[in-house]
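[1] Predicted coordinates and the sequence they were generated for:
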Amino acid sequence: MDNGDTWNLQETFSQYSNIDGIEFSRDDLGWMIANSNGLLKSTDRGKTWKVVIDSILMFKDIAVSGDTAWFSYNNRVLRTTDAGDSWETRKVFDFQNTLYWGFEIDFVSSEIGYAGTYDGRIFKTTDGGIIWTEEDFPSNMPIFDIDFVNSEKGWTFGESGTILKRDPNYDFIKTGNSSLPDEFYLYQNYPNPFNPITTLQYTVNTKQFVTLKIYDILGREITTLINEEKPAGNYEVEFDASNLSSGIYFYRLKAGNLVKTKKMVLLR
């Protein structure tokens, strides 16, 4: 315990290739998301970890408060209020035009929390995540992260460097790039996880030469779905993975000098 001057390896997990999130509500209670579908718990300051859930669900974000923990997936939260002895799931919002994997969450207490979605919506709960109400929000920009310091004040972080602040004394305040992200966007595939077909959507706002390729977890190219010039517009294409084995894959969109990559999971 030296305020981060030195670090010691606590544990390795041979069954998991990625650690996607970690939060501690106190010294003797920590939670971790591994490989998006594993939930692990530590009760000894992170020295050892126990798998409490290993499922086909794709968890995106985590929030904690005391014995309560929330994990976001699809359009729902998985919640425990007794340090993992029991679990319940609650719907946060309805999907609109696009399905996507998970969303961002942050709780400032065991009762009050916020959720931010990739289609630019904000939801608030005042009962620990049972009922969620949509907030007025001045943007439809994808929300990549949220952080609240109390029940009324917080920030959202979105595409093109945009930061929006929620303050009870003001309307939402915009900083960073004030232009909307109309130039280039790659959406999360849906469904995800999938078996064996999924849909990939993307947007370009000018005529561009576009490539859309699939890679395996080792970075090897699997196939090319798009390799042609496209006018401005919204597009979608199906990917059929019938000849592939279960695992994590990546899809990479390139339009001119712009590149975006996202992860997807094939589950047989």
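    Arrived safely. Numbering: from 1, shown residues only.
[2] thinking Val77 is in contact with Ile62, fair?
    No: in terms of CB atoms under 8 Å, Val77 does not count as a neighbour of Ile62; the distance is 10.1 Å. The C-beta positions use only the backbone N, C-alpha and C, and glycine is treated the same way.
[3] any idea which helix or strand comes after the helix or strand of the chain with the lowest mean pLDDT?
    The helix or strand of the chain with the poorest confidence is strand 173-175; it has a mean of 51 (mean pLDDT, DSSP states H and E). Scanning forward in sequence from strand 173-175 by DSSP states H and E, the next helix or strand is strand 184-186.
[4] For that following strand, the averaged confidence score.
    The pLDDT scores in strand 184-186 average 83.
[5] and it, how far from the chain's centre?
    Counting by CA atoms, centre = their mean, to the nearest Å, strand 184-186 is centred 16 Å from the centre of its parent chain.
[6] what's the answer for stretch 233-241, then?
    21 Å.
[7] likewise stretch 211-221?
    21 Å.
[8] which residues make contact with it from outside it?
    17, 200, 202, 222-227, 237, 239, 247-254 (CB atoms under 8 Å, 6 or more residues apart in numbering).
[9] Compute the first-to-last residue distance for that stretch.
    One end of stretch 211-221 to the other measures 12 Å (CA to CA, to the nearest Å).
[10] Pull out the buried positions in that stretch.
    Buried residues in stretch 211-221, counted by 16 or more other CB atoms under 10 Å: 212-214.
[11] what is the rounded mean pLDDT of that stretch?
    Stretch 211-221 comes out at a mean pLDDT of 93.
[12] Stretch 42-56 too?
    Stretch 42-56 comes out at a mean pLDDT of 87.
[13] quick one: buried residues of it?
    42-43, 49, 52-53.
[14] Next: stretch 18-27.
    20-23, 25.
[15] mind checking how far it is from the chain centre?
    Per CA atoms, centre = their mean, the centroid offset for stretch 18-27 relative to its chain is 15 Å.
[16] All set, thanks.
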